[in-house]
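> kindly return the folded structure for what I paste below:
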Amino acid sequence: MKRFGSLALGATAVLLVGCTAMMVRNIAQDSAAEVKPPFSGPANVKYASQLWSALEKASLVGPGAVQSTPYEGQEPHGAVLVVLEQNVSVGGHTGVAIVKNNFGGEGVSKETVANEPGKYLASVTVMYQREQGYDPDHQNWFWAKYNPDGTLAANPKGMKLAGRIAKGAQKGCIACHDLAPGDDYVYNHDRLAQK
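A predicted model of the protein is given here:
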């Protein structure tokens, strides 16, 4: 009788351990789904690639990009900046694209950038106003940071910088641009503020 009781107790313990492991796995999967980062990930990376192609077609990025007057910048962008703005279409949606060329490096100045922009281009940061409902809390902006060749830049943890970058964080694109006047996340003007 004792032996049967030990076997029953042992079987119960194995069953409990198995059920607990299954519950922990399910909770971990549910938690991972809930805390999925708002940026990076395959969908945002794919969209960023489509956006870059649309920006190239509009001559806002790449070798044939329109040139504009450089001005002195500041961190986290570049020592010298050039901003271009235009409506572009991505996947059937037309929205405002604000393209910021970020220049840096030894010898960078407004004059050197005007004469040799390719030599000093460090990165390209883009705000693209997506369709209604994308991120209504932040005026539906899609954020991306590209290397000069159009590949996506990544943060120190290796996450590609595309999507709702650092949503909910105290630092990052959204947190910084939340301070822009006009409630439109744009520093240069208030044309895009929703009334």
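> contact partners for the closest residue to His177 other than its chain neighbours?
Distances taken as C-beta to C-beta, 6 or more residues apart in numbering place Tyr185 nearest to His177, at 4.1 Å, with adjacent residues excluded. Any C-beta I mention is one placed from the backbone N, CA and C, and that applies to glycine too. With contacts defined as C-beta atoms under 8 Å, 6 or more residues apart in numbering, the neighbours of Tyr185 are Met127, His138, Gln139, Trp141, Ile174, His177, Asp178, Leu192.
> who's in contact with the fifth one?
Going by C-beta under 8 Å, 6+ apart, Ile174 touches His138, Trp141, Trp143, Arg164, Ile165, Ala166, Lys167, Tyr185.
> what pLDDT, on average, does the helix or strand hosting it get?
Under the criterion of DSSP states H and E, Ile174 resides in helix 173-177. What helix 173-177 shows for mean pLDDT is 75.
> now do the buried residues in that helix.
Residues of helix 173-177 classed as buried by neighbour count (16 or more other C-beta atoms under 10 Å): Cys173, Ile174, His177.
> try stretch 175-189
Counting neighbours by 16+ other C-beta under 10 Å, one finds that the buried residues in stretch 175-189 are His177, Asp184, Tyr185, Val186.
> helix, strand or coil for the residue nearest to His177?
In terms of secondary structure, Tyr185 is coil; the call rests on DSSP: H, G, I helix; E, B strand; the rest coil.
> distance of it from Met127?
7 Å (C-beta to C-beta, to the nearest Å).
> overlap in contacts, these two.
With contacts taken as C-beta under 8 Å, 6+ apart, the residues that reach both Tyr185 and Met127 are Trp141, His177.
> tell me the span between the first and last residue of stretch 58-70.
The stretch stretch 58-70 measures 20 Å between its terminal residues, going by C-alpha to C-alpha, to the nearest Å.
> who touches that stretch?
Counting contacts by C-beta under 8 Å, 6+ apart, the residues touching stretch 58-70 from outside are 52, 55-56, 80-84, 86, 88, 97, 99, 101, 103, 110, 113-114, 117-118, 124, 146, 150.
> again with stretch 43-51
When contacts are defined by C-beta under 8 Å, 6+ apart, stretch 43-51 is touched by residues 88, 90-91, 97, 126, 128, 142, 144, 146, 152, 160, 162-163.
> what pLDDT, on average, does that stretch get?
In this model, stretch 43-51 has a mean pLDDT of 96.
> for ChimeraX, what selects the buried ones among the contacts of stretch 43-51?
With 16+ other C-beta under 10 Å as the criterion, this ChimeraX line picks the buried residues out of these:
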select :88,90,97,126,128,142,144,146,152,160,162,163
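> name the nearest residue to the residue minimising distance to the centre of the chain, ignoring sequence neighbours.
Central residue check for the chain by C-alpha atoms, centre = their mean: the C-alpha nearest the mean position is that of Ala162, 2.7 Å away. In space, not counting the residues next to it along the chain, Ala162 is nearest to Ala48; the distance is 3.7 Å by C-beta to C-beta, 6+ apart.
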